[in-house]
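>>> based on what follows, work out the 3D shape:
(chains A, B, C and D)
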Number of protein chains: 4
Amino acid sequence: MTSTGLDKGALTPAQFLEIDSAASVVRGGGGPSAEALLHLAIVNGVGAGAVLHTHSVWSTVLSGSHALHGGIALEGYEMLKGLEGVRTHKHREWLPILENSQDMVELGARVSQTLEADRGIHGFLLKEHGLYTWGVGLREAKRHVEILEFLMEVLVRSGAAQSA
Amino acid sequence: MTSTGLDKGALTPAQFLEIDSAASVVRGGGGPSAEALLHLAIVNGVGAGAVLHTHSVWSTVLSGSHALHGGIALEGYEMLKGLEGVRTHKHREWLPILENSQDMVELGARVSQTLEADRGIHGFLLKEHGLYTWGVGLREAKRHVEILEFLMEVLVRSGAAQSA
Amino acid sequence: MTSTGLDKGALTPAQFLEIDSAASVVRGGGGPSAEALLHLAIVNGVGAGAVLHTHSVWSTVLSGSHALHGGIALEGYEMLKGLEGVRTHKHREWLPILENSQDMVELGARVSQTLEADRGIHGFLLKEHGLYTWGVGLREAKRHVEILEFLMEVLVRSGAAQSA
Amino acid sequence: MTSTGLDKGALTPAQFLEIDSAASVVRGGGGPSAEALLHLAIVNGVGAGAVLHTHSVWSTVLSGSHALHGGIALEGYEMLKGLEGVRTHKHREWLPILENSQDMVELGARVSQTLEADRGIHGFLLKEHGLYTWGVGLREAKRHVEILEFLMEVLVRSGAAQSA
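Numbering: from 1, shown residues only, chains lettered A, B, ... in the order given. I've put the predicted structure just below:
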């Protein structure tokens, strides 16, 4: 985690901190970001070794236009094979969209429920907020960011933003 | 301020100048940009320590397509929390659009009226011209540019340019 | 070819390998990518000295929106003159779209048939997968990537993604 | 000018050549690009000291979608003030679109007629080919490229590509 309230473009190694499974700081200074509880919900829910969170234009647009459907179905794309365990473009990936919230306890509980209900997903969106994805390690989590962001850009440029 | 009529991609430190509250040059050479009066109207109107002005494609597109509505309502976006004092994505930010003008005295007066009428705004658009935003210092003003430009890109990519 | 399963952004020279016309590795370690058979089908079908394959957003969008037409007609663009042997913008380039498959033997056979049937083409798309193009050498193949990707971006930005 | 048939991304100073008013090479090797006659038509028609020609996605899209109107009217944009001699955003700039041709003598004559008929323009488009603009020197011509490309991007992103 990084300490809360920092400019993400000007981080130094000293501003990264380590937390335990109760979100208490083990190493480093400053408080953890409020979203630490979401990261922990994911670590506990799917056994992830790395969790990444992005705020992209594509995820903001799509999570707004598809919120009423509760998620986005990704199917038929070769790039899906970049997701861990996926072997064919015929795979149907469900990317749930959760209503955003500033109450991290409440939102963390909904994240846990989603991970419980939608087994096998590789990420989810918070509405008009951004993407959460994960992996066994940082390399896999980063690959999932690249794949999911690529596919969301494809959907928006295919006109999915206006059609919903 | 920078001196007027310079290529913004080739500025040297010597070409930045200092003006006083009457737009007279205190330090540096050349005349101030004609828009100095707008910067002063903002400094006086909201007590800003830094004022930034950008000419982006996104602000040009949106300020044209939404001019008839007098402004753009930004609501529901997590990124709104990057604006000073905003604590939740449920915040409704009003981004007024002012008719553009080459008469800086007249336009400066309208800017002052807008700042008076729309308390709490973090920026405004000049129609088919660009964005003005500010902060207590340069860091905050720069963050406001990033947030507002991000949200305008989201709106255009969501189809807001064609719907208006 | 590169060995299969590698991060394309972190390749080292040692990870490039040489294969023969039966897709057996002649030099270098690791297995060849599964798509080696497609590269060989192109080398054999058109006598190419270099084959390039890209996964772009533009080709993914267009190959999906135009799949029902079996391909994309490119005509009237000056940029077409960047394709080998094309002398005028009035040239009509046919860019076939093939259904994607994970069965490389079956897909390789369809690629060979397409190259046989559509003489004179400079590339083809795999649906929601990407572009294959080629040249007598790497420089020409790279130029064909640039030209075809440029024209696909033009088509998407012209609204071709939504109209299909 | 540069010699014809070169990769524009790998030019060396030696590959630039000087031509006279009859398009004969005065300094440097290789033949001039076929479009030398268009450059000369502009130099003669408006007394330009520098002529620039670009192949952008935006100009390709817009020159196709607006070809039937014979050109594009740009009006109301603050950025217009970046064009030489323009003092207000209320200026109406006419950007003619000429049918493309591979016959440079014929096309050069049409360019000369356009420059004669549309006094005061700062550039023109060749349909689905690109932009020509100019200036008294390279700096002004480059500024005109930036301004016109910016405004064409604004038009496409405003939905002008689909509406025509």
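>>> which phi and psi does the residue minimising distance to the centre of chain A have?
Of all residues in chain A, the one closest to the mean position by CA atoms, centre = their mean is residue A:132, 0.5 Å from it. The phi/psi pair for residue A:132 (degrees, to the nearest 10) reads phi -120, psi 130.
>>> can you give the contact residues for the lengthiest helix in chain A?
Looking across chain A with DSSP state H, the single longest helix is helix A:138-155. Helix A:138-155 is contacted by residues A:48-52, A:54, A:56, A:58-59, A:62, A:72, A:74, A:77, A:79-80, A:82-84, A:95, A:122-123, A:131, A:133-135, A:161, C:7, C:57, C:60-61 when judged by CB atoms under 8 Å, 6 or more residues apart in numbering or on different chains. C-betas here are computed from N, CA, C, even on glycine.
>>> sorry, back to before: need the pLDDT of the residue nearest to the centre of chain A.
For residue A:132, the pLDDT comes out at 98.
>>> from memory it sits against residue A:48, does it?
No: in this structure, residue A:132 is not within contact of residue A:48 by CB atoms under 8 Å, at 9.9 Å.
>>> can you pull the residues that touch both of the two?
By CB under 8 Å, 6+ apart, the residues touching both residue A:132 and residue A:48 are residue A:42.
>>> ok now do the residue nearest to the centre of chain A, which residues does it touch?
Contact analysis of residue A:132 by CB under 8 Å, 6+ apart lists A:38, A:42, A:51, A:52, A:53, A:111, A:123, A:124, A:125, A:126.
>>> so the second one sits against residue A:49, correct?
Read that as residue A:42. No: using CB under 8 Å as the test, residue A:42 is too far from residue A:49 to be in contact (10.6 Å).
>>> what sits in contact with each of those two?
residue A:134.
>>> who has more neighbours, the two?
Neighbours per residue, other CB atoms under 10 Å in any protein chain shown: of residue A:42 and residue A:49, the larger number sits with residue A:42, 24 against 13.
>>> the more buried one: what secondary structure?
Three-state assignment for residue A:42 (DSSP: H, G, I helix; E, B strand; the rest coil): helix.
>>> chain neighbours aside, what residue packs nearest to it?
The spatially closest residue to residue A:42, leaving aside those adjacent along the chain, is residue A:51, at 4.9 Å (CB to CB, 6 or more residues apart in numbering or on different chains).
>>> where's the one you found, which helix or strand?
strand A:50-54 (DSSP states H and E).
>>> give me the helices and strands touching that strand, please.
helix A:36-46, strand A:130-135, helix A:138-155 (3 or more CB pairs under 8 Å, 6 or more residues apart in numbering or on different chains; DSSP states H and E).
>>> using PDB, write out every CA atom in it.
Output of strand A:50-54 as PDB, limited to C-alpha atoms (Å, rounded to 0.1, in the frame of the first residue of the first chain):
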ATOM      1  CA  ALA A  50      -1.000  -8.900  -5.600                       C
ATOM      2  CA  VAL A  51      -4.000  -6.600  -6.000                       C
ATOM      3  CA  LEU A  52      -4.000  -3.600  -8.500                       C
ATOM      4  CA  HIS A  53      -6.400  -0.800  -8.700                       C
ATOM      5  CA  THR A  54      -6.600   1.700 -11.600                       C
END
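>>> for the residue of chain A positioned farthest from its centre, give me phi and psi.
Distance from the C-alpha centroid of chain A peaks at residue A:29, with 25.2 Å (CA atoms, centre = their mean). Per-residue torsions, residue A:29: phi -110, psi 170 (degrees, to the nearest 10).
>>> can you pull the residues of chain A lying near chain B?
Chain A comes close to chain B at residues A:7, A:55, A:57-58, A:60-61, A:64-65, A:100, A:102, A:126-130, A:156, A:161-162, as judged by CB under 8 Å from any CB of the partner chain.
>>> take the residues you listed and keep only those in strands.
Using DSSP state E, the members of these that fall within strands are A:126, A:130.
>>> near chain C, from the residues of chain A next to chain B?
residue A:162.
>>> thinking again about what came up before, any chance of the contacts of residue A:132 in JSON lines, plus pLDDT?
Conversion of the contacts of residue A:132 to JSON lines gives the following (pLDDT from 0 to 100):
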{"residue": "A:38", "pLDDT": "95"}
{"residue": "A:42", "pLDDT": "96"}
{"residue": "A:51", "pLDDT": "96"}
{"residue": "A:52", "pLDDT": "96"}
{"residue": "A:53", "pLDDT": "96"}
{"residue": "A:111", "pLDDT": "98"}
{"residue": "A:123", "pLDDT": "98"}
{"residue": "A:124", "pLDDT": "98"}
{"residue": "A:125", "pLDDT": "98"}
{"residue": "A:126", "pLDDT": "98"}
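>>> okay, and the helix or strand of chain A with the least pLDDT?
Every helix and strand of chain A was ranked by mean pLDDT, DSSP states H and E. The lowest is helix A:161-163, at a mean of 69.
>>> number of residues surrounding the residue nearest to residue A:42?
Here the number of neighbours of residue A:51 (other CB under 10 Å) works out to 21.
>>> in chain A, where is pLDDT below threshold?
Within chain A, the segments meeting pLDDT under 70 span A:3, A:163-164.
>>> residues in it within reach of chain C, list them.
Near chain C, when you scan chain A using CB under 8 Å from any CB, you find A:76-79, A:87-89, A:139, A:143, A:150, A:153-154, A:157-159, A:162.
>>> let me know the closest of those residues to residue B:15.
residue A:153 (38.7 Å; CB to CB).
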